[in-house]
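Undergrad: give me the fold of what follows.
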Amino acid sequence: MKFLTIRLLATLLIAPLTLWFAPAALAQEDTATPVQIVALDECDPTTFNAALGPEFCKNVALAFAFPSFVTKFADLFAEAAAGHPDPGWDFEPDRVTITKGTPLVVVNQGGEPHTFTEVAKFGGGFIPPLNGGQATAPECAGGFKDVAVARTRILQGSQLQVTGLSRGEHLFECCIHPWMRVSVEVQ
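TA: Numbering: from 1, shown residues only. Below is the predicted model of the structure:
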């Protein structure tokens, strides 16, 4: 008798709960597999941290294993001013095509912070000496004082998810290192 009571009680409670949750589960769309974009840089901890403060550049992998592959602070500015910024500072891939509803996950595997800011047209960032003579993109002009830019910041080892992109072409750049660019085509 006890078994029947427990079974009857379970049926009366679990069945309605299951039916209550089922419509929500059935209504969920198949979520698309996110597309990953990786932010890379090769900051030299010694020179960047001397200029910007301790622990700013956390690029320990390349700096100690392959010291010739890192970019010194002064070199980053000199190369950008000369119009040929360091190609090791990049978003990979540079161009992606996704279907509407596919999220982008931008992962910072570099040693310093970056932004992944949508712009109407590629341009310079909020640090004029790194712009290589380009005018600052209006979306980057306020720097981190602009909440829209601050929300796109990706700290070292962290990630940012971008969702809800409409069909068409979307342009993203780092507002600190503006040669770091990605074109996203949404179909």
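
Undergrad: how about the spatially most central residue of the chain, what does it touch?
TA: By C-alpha atoms, centre = their mean, the mean C-alpha position of the chain lies nearest to Val106, the distance being 3.0 Å. Counting by C-beta atoms under 8 Å, 6 or more residues apart in numbering, Val106 touches Gln36, Ile37, Val38, Ala39, Phe91, Phe116, Ile154, Gln159, Leu160, Gln161, Val162. Where you see a C-beta, it was placed from the backbone N, CA and C, and this is true even at glycine.

Undergrad: could you check how far it is from Ala39?
TA: Here Val106 is placed at a distance of 6 Å from Ala39 (C-beta to C-beta, to the nearest Å).

Undergrad: need the overlap of contacts for the two.
TA: Phe91, Phe116, Ile154.

Undergrad: out of these, the closest to Ala137 would be?
TA: Phe116 (13.1 Å; C-beta to C-beta).

Undergrad: give the burial count for that closest one, as a bare number.
TA: By the criterion of other C-beta atoms under 10 Å, Phe116 has 23 neighbours.

Undergrad: now do the contacts for it.
TA: Phe116 makes contacts with Ile37, Ala39, Phe91, Val106, Thr152, Ile154, Leu160, Val162, Phe172, Cys174, Val182, as judged by C-beta under 8 Å, 6+ apart.

Undergrad: which one of those residues is nearest Lys100?
TA: Nearest to Lys100 among those, counting by C-beta to C-beta, is Val162 at 13.0 Å.

Undergrad: name whatever forms a beta bridge with the residue lying closest to the closest one once chain neighbours are set aside.
TA: Leaving aside its sequence neighbours, Val162 sits nearest to Leu104 (C-beta to C-beta, 6 or more residues apart in numbering; 4.2 Å). The partner list for Leu104 in beta bridges (DSSP bridges) reads Val35, Val162.

Undergrad: these two touch, right, Leu104 and Thr33?
TA: No. Counting by C-beta atoms under 8 Å, Leu104 stays clear of Thr33, with 11.4 Å between them.

Undergrad: the two: which is more packed in?
TA: Leu104 (21 against 9).

Undergrad: how near is the more buried one to Phe172?
TA: 8 Å.

Undergrad: one more: Thr102?
TA: 15 Å.

Undergrad: same question for Gln187.
TA: 17 Å.

Undergrad: for those two, indicate the residue with more neighbours.
TA: Ranked by neighbour count (other C-beta under 10 Å), Gln187 and Phe172 place Phe172 first, with 22 against 9.
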